[in-house]
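Q: Okay, sequence plus prediction incoming.
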Amino acid sequence: MHDNESENFKITADRIKFKYWSEITPKKGLDVVFRSHEIHIKSGPFTILTDINTCELFHKDLYQFLQNNGLKLIIVVVDKSRASSLGWNAQAVFGKASESMILTFIEFLQKKDHFGQIIIESSDIRHDTTFFRKYLKYVSGGVPALSLSHVDIKNMLTSLSFVSKNNNDIESQVADLFAYPSIHQCLVDLGTTSFIPDSHEEKMCQIIQNKLIKFPLGRRSFIKIP
């Protein structure tokens, strides 16, 4: 998402929070954090969704918010059973996923002739260090497969920032909102489940398809590994 769209993105999210929680929470709804799991099970501040009318109105606002913007998604999903059969431990899984995400983002920036920054929610020292090393790999060595030197990468990727969970930036919240639907999409693709017509999962997955980056030969930024 462009920097000039980011502020409007946050403002729209805050309006939704104010609309539904202004009379409930200490900060008039602005302290509410969008969490996919809590919305799904209607817990925490999302107990208001047990009311059918409120639930329908909220989801309508949420879908419009997620759809009507310049947001683009890069989704990396790991098949843990296959990864385990290949001998990948948790750090290897995270490293492969991080590398796929960074490379896809670089390819997108090259395609659009843009520059960008990466903001990641800090988790633990091992994961943060792994991600930083993958980032340095391309900042220092470039991406020969894309004919990009380390200078090209430095011009494209202008910064890497680690934020805490308490930062509650809207981009991280939106990433969380798409996590569960992404897994559901994989299960549908595998044939182990199907969409319930007009369900929350179906609508979120439709938004995901609209927000994926499209590359040549029909490739999209929904990456499954290994």
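A: On my side now, so go ahead.
Q: residues touching T25, list them.
A: T25 makes contacts with 31-32, 45, as judged by Cβ atoms under 8 Å, 6 or more residues apart in numbering. Bear in mind the C-beta positions are built from the backbone N, C-alpha and C, glycine included.
Q: Doesn't it belong to a strand?
A: No - T25 sits outside any strand when classified using DSSP: H, G, I helix; E, B strand; the rest coil, being coil.
Q: can you start the count at 43 instead of 1 from here on
A: In the new count, where the first residue is 43, that last one comes out as T67.
Q: still on that earlier bit, which among the contacts of T67 end up buried?
A: 74, 87 (16 or more other Cβ atoms under 10 Å).
Q: I'd like the contacts of T67 written out as a markdown table, with distance to K59, pLDDT and secondary structure added.
A: Converted to a markdown table, those look like this (distance: Cβ to Cβ, whole Å; pLDDT from 0 to 100; DSSP: H, G, I helix; E, B strand; the rest coil):
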| residue | distance to K59 | pLDDT | secondary structure |
| --- | --- | --- | --- |
| D73 | 8 | 91 | coil |
| V74 | 5 | 95 | coil |
| P87 | 9 | 96 | helix |
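Q: what's next to stretch 123-133, contact-wise?
A: Contacts for stretch 123-133 (Cβ under 8 Å, 6+ apart): 134-135, 138, 168-169, 172, 267-268.
Q: my bad, should have said stretch 179-187
A: 141, 144-145, 148, 190-196, 199.
Q: So which of those are in helices?
A: Judged by DSSP state H, the contacts of stretch 179-187 include 141, 144-145, 148, 192-196 as members of helices.
Q: can I get the contacts of stretch 123-133 in CSV with pLDDT, distance to G183 and secondary structure?
A: Below are those laid out as CSV (pLDDT from 0 to 100; distance: Cβ to Cβ, whole Å; DSSP: H, G, I helix; E, B strand; the rest coil):
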residue, pLDDT, distance to G183, secondary structure
A134, 95, 20, helix
V135, 95, 23, helix
K138, 96, 18, helix
R168, 94, 22, helix
H169, 94, 22, helix
T172, 96, 17, helix
I267, 93, 21, strand
P268, 92, 23, coil
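Q: Among these, the buried ones, what's the ChimeraX command?
A: Selection of buried members from those for ChimeraX, criterion 16+ other Cβ under 10 Å:
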select :135,138,169,172
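Q: Between which two of the contacts of stretch 123-133 is the distance greatest?
A: R168 and P268 (20.2 Å; Cβ to Cβ).
Q: which residues in the chain form helices?
A: Using DSSP H, the helices of the chain run over 45-63, 78-83, 94-109, 122-127, 132-154, 167-183, 192-198, 212-232, 242-253.
Q: Just the angle for the fifth one relative to helix 167-183, thanks.
A: Translated: helix 132-154. Calculated by axes from the mean of the first three to the mean of the last three Cα atoms, to 10 degrees, helix 132-154 forms an angle of 40 degrees with helix 167-183.
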